[in-house]
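Novice: have a look; sequence and predicted model below, questions after that.
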Amino acid sequence: MRTSKKVPTFHYHYNRYFFAEQWTPELNLDGFAQTRSHTEALGADCIVVHLASILATNLAEQLFKLRQVAPARQVWVAEMLESAAHYPQLDDPDFMSLFDIEMSYRRTADIWTPYIPHNLESGYRDINPGTRRRQCCAFVSSKWDMSDRQNYMRDLMQQLDVHSFGRFMRNKRILFDRGVKTKLRLLKNYRYTLAFENSLAPDYVTEKFYEPLLTGTIPIYLGAPNIEEFAPGDNCFINAHDFASPAELAEFVRHADPAQFHLWRQRDLRPGFVERLELLKQPWKTSLAQMITERLELKH
């Protein structure tokens with residue numbers, strides 16, 4: 001008599017109270033069934049841990065205890081898109097040894113999930129920056145600031161005309177805010193945009209860098225020390241770290257020719273960047289499901 005193959009299961013482990021009234025994460029993996037109850041976690045074949053919600057609420061010790069009683073055959077996945085500067089546990093070998101698979105923005109991760117938009121490769125040539133009358137804008141709202149971006153921005157705005165739409169140093173208001181759609185629309189009105197990350201961590205390059213490139217505005221970037229590895233073309237942005245002070249940066253921007261920062265759109269993308277895009281062709285959920293399956297086979 002033929003028996004049906006058992007469908008592997010996974011449990012998505014996160015702290016629901018971390019999300020309050022906003023949203024809760026969802027994860028669907030092809031070929032896997034998801035357990036919904038925390039009481040079923042130990043019986044699942046795999047546990048995917050949403051680290052930001054766990055670590056931000058000081059539940060790291062809970063993970064250690066859970067791992068101690070978890071079956072040896074169980075595969076653990078660490079999911080993280082937030083900066084290691086804010087969550088130093090990501091750089092702690094003892095903590096990361098809890099997991100069989102790391103899925104994060106870091107290039108060393110088993111499953112690499114960067115912020116690079118999939119439409120950048122096909123759309124970068126079609127963008128016409130045109131002549132933009134407005135100088136510079138900014139969208140900084142989060143209080144998270146391990147890059148000292150607030151002080152840098154405060155000093156820079158004394159030297160450069162910046163329209164700030166975020167909660168920090170707001171001097172321009174949005175009457176009808178539809179989120180990302182509104183932001184992208186506004187970016188198209190400016191020559192430059194302050195693309196300031198909330199921390200300075202290798203590989204942590206977020207949408208703050210790519211949204212300006214997709215809308216024809218030039219990012220003035222403050223963030224990852226290896227940002228050049230994530231740039232799609234030569235001279236496509238201004239690196240704040242190249243200047244001794246905000247005043248020096250402002251002086252450069254006032255006299256720069258914006259057209260020089262759009263020449264890359266007329267050329268092929270950097271070969272190294274194209275290689276990175278190739279790594280992202282397969283959806284990360286597919287890659288994750290395959291890797292979990294492989295690890296399960298090894299453990300059995």
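Specialist: Looks like it came in fine. Residues are numbered from 1 along each chain as shown.

Novice: C-alpha from now on. contacts and neighbour counts both.
Specialist: Will do.

Novice: quick one, helices of the stretch 1-150 of the chain?
Specialist: With DSSP state H, counting those that start in this stretch as the criterion, the stretch 1-150 of the chain has helices at 51-55, 60-69, 93-96, 120-123, 149-156.

Novice: with mean pLDDT and distance to H255 as extra columns, can I get these in CSV?
Specialist: What follows is the helices of the stretch 1-150 of the chain, written out as CSV (pLDDT from 0 to 100; distance: least, CA to CA, whole Å):
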stretch, mean pLDDT, distance to H255
helix 51-55, 94, 42
helix 60-69, 91, 50
helix 93-96, 95, 47
helix 120-123, 84, 28
helix 149-156, 98, 15
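
Novice: so what's E102 up against?
Specialist: For E102, the contacting residues are 77-79, 109-111, by CA atoms under 8 Å, 6 or more residues apart in numbering.

Novice: how is the protein carved up into domains?
Specialist: With domains defined by automatic domain parsing, the chain comprises 9-114+281-299, 120-271.

Novice: most packed of the ones you listed?
Specialist: domain 120-271 (a mean of 17; mean count of other CA atoms under 10 Å).

Novice: hang on, the earlier thing: strands - which of the contacts of E102 land there?
Specialist: Among the contacts of E102, the members found in strands (DSSP state E) are 77-79, 111.

Novice: return the member of those residues nearest to F237.
Specialist: Among the ones in strands among the contacts of E102, I111 lies closest to F237 (CA to CA), at 27.5 Å.

Novice: thought that closest one was touching D100?
Specialist: No. In this structure I111 lies outside contact range of D100 using CA atoms under 8 Å: 11.3 Å.

Novice: the chain: strands as residue ranges?
Specialist: 9-13, 33-35, 46-50, 75-80, 101-104, 111-112, 134-138, 162-164, 190-196, 218-222, 238-239.
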